[in-house]
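Undergrad: take this sequence and fold it.
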Amino acid sequence: MNRWQNWSRLETAVPRVVEHPRTPAAVVALVERARADGRPVKMVGSGHSFSAIAAPEHTLVRPDRLVGITDVDRDAGTVEVLAGTPLHHLTRELARLGLALGNLGDIDVQTVAGAVSTGTHGTAGRVAGLAAQLVGLRMVTGTGEHLTLSPTEDAETFSHARLGLGALGVLTSLRFAVEPAYRLAATERVVGWDELVGGLHDRIGAHDHVDAYWFPGTDRCLLRINDRVADGAPAPSRSRGRVARWVDDELVANGALGVATALTARVPALTSPVNRVVGRLAGGTSYTEPSHEVFSGTRRVRFREMEYAVPLAAAADALAAVRRIADAHRVGFPVEVRTAVAEDVPLSPAHDRDTCYVAVHVHHSAVHEPYFAAVEAALMDLDGRPHWGKVHRRQAADLAPAYPLFDEFLAVRERLDPERLFTNAYLRRVLGV
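TA: The predicted model follows:
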C-alpha cells in the first residue's frame, strides 16, 4: 500500500498511483495522462509540513529523481536547480561553488519546490522568504504546457507562481538569485522578556538577522543575532569545534528540548521550573561559520506548529497575547519570534508589509487544538496571516480579505488549471474553488 504521511504525522493519505519522474518531459507526460483520465495529481516534497497542503487524492508525484543544479550564471548571479533538490543539497553545492542564498529558514530538509510553494522563510532585514529570492521557474500547468516564467517572461504568472501552494502547476525547476559565499557571526544570549520586546525594532535595524525564543512560564528569552562578516575582515568569534557543535545542536537544541517538552506536555505544572533550567542551558555562545551552517540546524524533536505573520507594528501586542494564552494553557514548548521585510510575492504572509512571525508549538504527544485555536483568534484580530504549510483553520472567505491580490491569484489558477487537476481538500478550503 502506498501510504503518504507528512513529517508532523498530522496528515495521511493513500494515493492510487505513485510517480517518480526523471525529467521535466516525464512530468509533462504524467500530467497529460492524469488529465486524460480526469485524476488529480499532487507533487509532494519531503513532507516536512504540518498542514495537508501536499496531501494527494489520487496520483502522488515524488520529485526525488529531479535533483541537482542544472545551470550556474555567475555574471547574472543566478543558479537553476531541479525542483526535487533538498535545500541542504543545494546550499552545500552552492558553498562548493563559492556561492550562497541570501537567506534560509531554520530547517533545510525541504525540497526547493516544497519550500517556495508553502512560503518557507527565515528572519532578515533584507530578504526573508525563499519565494522572494526566485528570479525564474519552469512549471507544467493543468493544460499540459511546460511554461518558462520570469520577470520578463509572463511576469504576472511568474509573480503568482513563486508561491503557488501547488495549485497552479507542477514545478520542474527553479532559478534563484545567489551571491558570493559569506560568513555569519552568530551570537546567542538569554535576555528578559521586556528587553526582547522593547528592543525588537532597534535590533532589527541594527543587525542582519534577529530571532528569539521565549520560554513559557518564565521571563527568559533566547536572543539570536547573526551578522555578516565582510570579506577579508577578521572573524569576531571562532568556528565551533565538533564537540561544541554537538553540545549546541544535539545536547541542548534536541536532547534537552526533547526531554523538557515531553515532560511539560505530560505534567504542565512543571513548565516554569523546567523552562528555567532550559533557559539557563541556552545561550552564552558565539561563533562564525558559513551562512548555511548558521541558518539551518537539525530538528529531531517532533512537534506540532502553527505560525502567524502579523504587521511588525503589532509585534508587541501579538507577543503579549501569545504570552497570556501560553501561560493560561500551561504550554511548555518555546515560542519562536522572527521578522521579515515586506515582499512583493502575492500570497506571501509578508506581502506588502514588514512582518513579525510568531510560531507556537507543542510536543507531538500533546493536544494542540485548544491552544492553537486561542492563539489563532488573537492573531487574526491583529490582521495575522497563517503560514501555509503549518496548522491553521482559515478558509477562503476570511483569507481573501487578508491578501490584496487574492482574486488575481484565483484568476491565474483558473487559466492554468481550469479542470482543477492539482486540487485537494486543503486547497478547496483555502481557495474556495
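Undergrad: make it CA atoms for all contacts and neighbour counts henceforth
TA: Fine.
Undergrad: now do the buried residues in the strand or helix carrying Tyr426.
TA: Assigned by DSSP states H and E, Tyr426 belongs to helix 425-431. Across helix 425-431, burial judged by 16 or more other Cα atoms under 10 Å covers 426-427, 430-431.
Undergrad: what two of those residues are the furthest from one another?
TA: Maximum pairwise distance in the buried residues of helix 425-431, criterion Cα to Cα, is 8.4 Å, between Tyr426 and Leu431.
Undergrad: could you list the domains of the protein?
TA: 69-180, 183-386 (automatic domain parsing).
Undergrad: burial measure for Arg266, as a count.
TA: 12 (other Cα atoms under 10 Å).
Undergrad: next one, pLDDT for it please.
TA: Taken from the predicted model, the pLDDT recorded for Arg266 is 90.
Undergrad: what's the answer for Arg238, then?
TA: Arg238 is given a pLDDT of 73.
Undergrad: do a quick rundown of the helices in the stretch 51-200 of the chain.
TA: Along the stretch 51-200 of the chain, counting by DSSP state H, counting those that start in this stretch, helices occupy 87-96, 112-118, 155-161, 193-206.
Undergrad: again with the stretch 301-433 of the chain
TA: According to DSSP H, counting those that start in this stretch, the helices that the stretch 301-433 of the chain contains are 315-329, 369-380, 396-399, 406-416, 425-431.
Undergrad: could you dump the ones you listed to a markdown table with mean pLDDT and distance to Arg183?
TA: What follows is the helices of the stretch 301-433 of the chain, written out as a markdown table (pLDDT from 0 to 100; distance: least, Cα to Cα, whole Å):
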| stretch | mean pLDDT | distance to Arg183 |
| --- | --- | --- |
| helix 315-329 | 97 | 29 |
| helix 369-380 | 98 | 35 |
| helix 396-399 | 98 | 39 |
| helix 406-416 | 98 | 37 |
| helix 425-431 | 98 | 39 |
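Undergrad: which residues sit in contact with the nearest residue to Ser159 once chain neighbours are set aside?
TA: Leaving out its chain neighbours, the residue that sits closest to Ser159 by Cα to Cα, 6 or more residues apart in numbering is Val345, at 6.3 Å. Val345 is in contact with 131-132, 159-160, 162-163, 351, counting by Cα atoms under 8 Å, 6 or more residues apart in numbering.
Undergrad: mind running it again at 7 Å?
TA: 132, 159-160, 163, 351 (Cα atoms under 7 Å, 6 or more residues apart in numbering).
Undergrad: that one and Val362: what is the separation?
TA: Val345 sits at a distance of 30 Å from Val362 (criterion: Cα to Cα, to the nearest Å).
Undergrad: quick one on the thing from earlier: give me the residues contacting the helix holding Tyr426.
TA: 52-53, 394-396.
Undergrad: buried subset of these, written for ChimeraX?
TA: Applying 16+ other Cα under 10 Å to the contacts of helix 425-431, the buried members can be selected in ChimeraX as follows:
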select :52,53,396
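Undergrad: output the contacts of helix 425-431 as JSON lines; include the columns distance to Val170.
TA: Formatted as JSON lines, the contacts of helix 425-431 follow (distance: Cα to Cα, whole Å):
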{"residue": "Ala52", "distance to Val170": "17"}
{"residue": "Ile53", "distance to Val170": "14"}
{"residue": "Arg394", "distance to Val170": "24"}
{"residue": "Gln395", "distance to Val170": "23"}
{"residue": "Ala396", "distance to Val170": "22"}
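Undergrad: any idea which of the contacts of helix 425-431 is the one closest to Ala212?
TA: Distances from Ala212 to the contacts of helix 425-431, taken by Cα to Cα, are shortest for Arg394, at 26.1 Å.
Undergrad: got a list of what the closest one touches?
TA: Going by Cα under 7 Å, 6+ apart, Arg394 touches Val430.
Undergrad: what's the neighbour count on Ala36?
TA: Counted with other Cα under 10 Å, Ala36 comes out at 9.
Undergrad: which stretch of helix or strand covers it?
TA: Ala36 belongs to helix 24-37 when assigned by DSSP H and E.
Undergrad: what's the next secondary structure element after that helix?
TA: Next element after helix 24-37 (DSSP H and E): strand 41-43.
Undergrad: can you name the helix or strand that Asn275 falls in?
TA: Short version, using DSSP H and E: Asn275 is in helix 271-281.
Undergrad: flag every buried residue along that helix.
TA: 271-272, 274-276, 278-279.
Undergrad: just to revisit the earlier point, let me see the mean pLDDT of the helix holding Ala36.
TA: 96.
Undergrad: residues near Ala186, how many?
TA: 23.
Undergrad: let me see the contact set for it.
TA: Neighbour list for Ala186: 225-227, 286-288 [criterion: Cα under 7 Å, 6+ apart].
Undergrad: same thing but at 10 Å, please
TA: Ala186 sits next to 209-210, 224-228, 236-237, 239, 285-289, 291, 294-295 when contact means Cα atoms under 10 Å, 6 or more residues apart in numbering.
Undergrad: now it: how far from Arg338?
TA: 15 Å.
Undergrad: equivalent analysis for Asp407, please.
TA: If you go by Cα to Cα, the gap between Asp407 and Arg338 works out to 28 Å.
Undergrad: who's more crowded, these two?
TA: Arg338 (22 against 13).
Undergrad: report the beta-bridge partners for that one.
TA: With DSSP bridges as the criterion, Arg338 is bridged to Asp211, Tyr357.
Undergrad: what's the pLDDT at it?
TA: pLDDT, Arg338: 97.
Undergrad: ditto for Ala132
TA: 97.
Undergrad: thinking again about what came up before, ok, the contacts of Val345 vs Met380, which is closest?
TA: For those, the minimum distance to Met380 (Cα to Cα) is 15.9 Å, reached by His351.
Undergrad: for the closest one, which non-adjacent residue is spatially closest?
TA: Nearest one to His351, counting by Cα to Cα, 6+ apart, is Glu343 at 4.8 Å.
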